[in-house]
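1. sequence plus predicted model, see below.
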Amino acid sequence: MSNSRIGNIGRHARKQQGLSLTGLIFVLAVLGMLVLLGFKIVPTYVEYRAILGAIKSAKAAGGTPAEVQNAFDKTASVTYIDSISGKDLLIGAEDGQIEVSFAYEKKIPLIGPASLVLDYAGSTAKGGAPLAKPAE
């Protein structure tokens, strides 16, 4: 009878499945890295959304390019926008209306020489595509 018990225990042990301690540590490490990456990316996206709002309010507030830039700079100082300034805005006329656009890169250092580069661009134009930058 003892042989049959040992045989049954062995059969059940082979059928068991699950996550080992090593697997659990690996999964937690990957999740931890993703959370840390999210902590670095989310603030840049929040700033991007603030810039979109700032160019819309600057467009509504100003008529000339200088007025639009000044209005953007005032909004940027209140909302802690530091990636771009009024000088970085592309301001032009499209369909008889003034349109404001921007494009910039945000570089996020990760580990050692590795970094993540995010490209952000936006416009007050209907399509949302930035205006073409004039040749310098």
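-> Received, thanks.

2. I figured residue 75 hits residue 52, correct?
-> No - Residue 75 is beyond contact range of residue 52, at 11.2 Å (criterion: Cβ atoms under 8 Å). In this view, the C-beta of every residue, glycine as well, is placed from N, C-alpha and C.

3. of those two, who's got more company?
-> Between residue 75 and residue 52, counted using other Cβ atoms under 10 Å, the more crowded position is residue 75 (20 against 15).

4. can you show me the helices along this protein?
-> 2-15, 21-61, 65-78 (DSSP state H).

5. mean neighbour count, these: which tops it?
-> helix 65-78 (a mean of 17; mean count of other Cβ atoms under 10 Å).

6. convert that helix to PDB, retaining C-alpha atoms only.
-> The C-alpha trace of helix 65-78 is given here as PDB (Å, rounded to 0.1, in the frame of the first residue of the first chain):
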ATOM      1  CA  PRO A  65       3.500  86.800 -33.500                       C
ATOM      2  CA  ALA A  66       5.200  88.800 -30.700                       C
ATOM      3  CA  GLU A  67       2.000  89.000 -28.700                       C
ATOM      4  CA  VAL A  68       1.400  85.200 -29.100                       C
ATOM      5  CA  GLN A  69       4.900  84.500 -27.900                       C
ATOM      6  CA  ASN A  70       4.500  86.800 -24.900                       C
ATOM      7  CA  ALA A  71       1.100  85.200 -24.000                       C
ATOM      8  CA  PHE A  72       2.700  81.700 -24.300                       C
ATOM      9  CA  ASP A  73       5.600  82.700 -22.100                       C
ATOM     10  CA  LYS A  74       3.200  84.000 -19.400                       C
ATOM     11  CA  THR A  75       1.200  80.800 -19.500                       C
ATOM     12  CA  ALA A  76       4.300  78.700 -19.500                       C
ATOM     13  CA  SER A  77       5.700  80.300 -16.400                       C
ATOM     14  CA  VAL A  78       2.400  79.700 -14.500                       C
END
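
7. appreciated, that's everything.
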